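**Student:** whatever this is, show me its structure:
(one chain, ligands or ions: 1)
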Amino acid sequence: MSSFKKYNAKDFEEYIKNIKILRKVNKIQIHHTYSPSYKQFTGDNHNALQEGMRNCHIKTNGWSDIAQHFTIFPDGIIMSGRSLEMVPAGIKGANTGAIAIECVGNFDRGADTMTKEQKDAIVSVLKALLKKFSLSPKESIIYHAWWTSSGKSLGDYKKGESCKTCPGTNFFGGNTKKAFTENLLPLLDKAVPALKSVDKINDIVWELINAGVVTDGKLWLSKCEEDINVYHLCKKMANYLRGTL
Ligand SMILES: [Zn+2]
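**Tutor:** Residues are numbered from 1 along each chain as shown. As a prediction, the model looks like this:
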């Protein structure tokens with residue numbers, strides 16, 4: 001019997017929210033499986049493909065378990081893999097503190113075209129993980145192609161130097177840092193809404209009331225309206241309290 005668990009995006013979010021992980025997580029690795037690719041996915045063989053990968057990783061590669069923590073299939077189904085308490089066997093030089101995600105498919109240019117279901121699931125999984133571990137997508141998400149095979153960080157895909165093209169030269173528009181920044185990152189930034197600084201009098205006073213600095217909102221609204229110096233002082237304090245100063 002398979003020990004792998006299947007989730008849709010909503011169940012996954014719930015599962016991640018409630019789980020306790022003792023090891024420190026500070027990065028999320030993204031991979032494509034390359035093989036199996038879309039050709040091997042029949043729509044109902046999630047378990048067989050996952051078992052196949054585990055067998056290959058244990059018997060052929062000599063690893064202790066399947067390499068990745070999660071596999072995302074073309075139909076948007078997410079499947080658990082190795083224990084989250086174990087570091088993945090994903091990127092030499094970047095496994096400590098990592099959670100590894102494998103996207104089933106070959107996303108090199110000219111190969112598989114990613115389905116909308118899989119795209120949405122990848123975004124949902126990343127959002128849930130970023131939220132769970134309070135990570136910034138820009139700093140924590142890494143592509144396999146940004147490392148050499150000896151485990152040196154290149155910071156980008158460099159043809160001839162990178163260990164692989166993984167997660168594919170057409171993964172969300174490409175495997176370069178630029179492609180990540182332009183295509184995937186904007187979909188994730190909304191996960192952790194950036195705090196905006198306040199400049200409207202109503203918002204400023206609301207912030208001060210919330211923090212218990214003032215109690216009489218009406219009084220401070222009129223003070224801010226009447227005296228530009230008071231407005232600037234209150235604005236400064238409100239943004240300091242908000243963490244946007
Ligand atoms: Zn990879």
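**Student:** quick one, longest helix in this structure?
**Tutor:** The single longest helix within the chain, with elements called by DSSP state H, is helix 116-132.
**Student:** next helix or strand past that helix?
**Tutor:** Going down the chain from helix 116-132, the next helix or strand is helix 137-140, by DSSP states H and E.
**Student:** which strands or helices does that next one pack on?
**Tutor:** helix 116-132, helix 185-189 (3 or more C-beta pairs under 8 Å, 6 or more residues apart in numbering; DSSP states H and E). For every residue, glycine as well, the C-beta is placed using N, CA and C.
**Student:** what is the helix or strand hosting Tyr240 packed up against?
**Tutor:** In the assignment (DSSP H and E), Tyr240 maps to helix 228-242. Contacts defined by 3+ C-beta pairs under 8 Å, 6+ apart place helix 228-242 against helix 201-210, helix 217-226.
**Student:** let me have those in TSV, adding mean neighbour count, distance to the ion and mean pLDDT as columns.
**Tutor:** What follows is those, written out as TSV (neighbours: other C-beta atoms under 10 Å; distance: least, C-beta to the ion, whole Å; pLDDT from 0 to 100):
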stretch	mean neighbour count	distance to the ion	mean pLDDT
helix 201-210	18	45	88
helix 217-226	14	55	94
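**Student:** Asp108: which of those helices is closest?
**Tutor:** helix 201-210 (48.2 Å; C-beta to C-beta).
**Student:** what's the angle from the closest one to helix 217-226?
**Tutor:** 140 degrees (axes from the mean of the first three to the mean of the last three C-alpha atoms, to 10 degrees).
**Student:** residues contacting stretch 21-36, please?
**Tutor:** Identification of contacts with stretch 21-36 by C-beta atoms under 8 Å, 6 or more residues apart in numbering yields 49, 52-53, 68, 71, 84-85, 87-88, 90-91, 94-95, 97-108, 122, 126, 129-130, 133, 135, 140-144, 166-168, 171.
**Student:** could I get the contacting residues of the residue lying closest to Ile16 once chain neighbours are set aside?
**Tutor:** Closest residue to Ile16 apart from its sequence neighbours, by C-beta to C-beta, 6 or more residues apart in numbering: Ala128 at 4.6 Å. Residues near Ala128 by C-beta under 8 Å, 6+ apart: 12-13, 16-17.
**Student:** residues in the protein within reach of the ion, list them.
**Tutor:** With C-beta under 5 Å from the ion as the criterion, the chain meets the ion at residues 31, 144, 166.
**Student:** picking that back up, now, which of the contacts of Ala128 lie within helices?
**Tutor:** Per DSSP H, the contacts of Ala128 map to helices at 12-13, 16-17.
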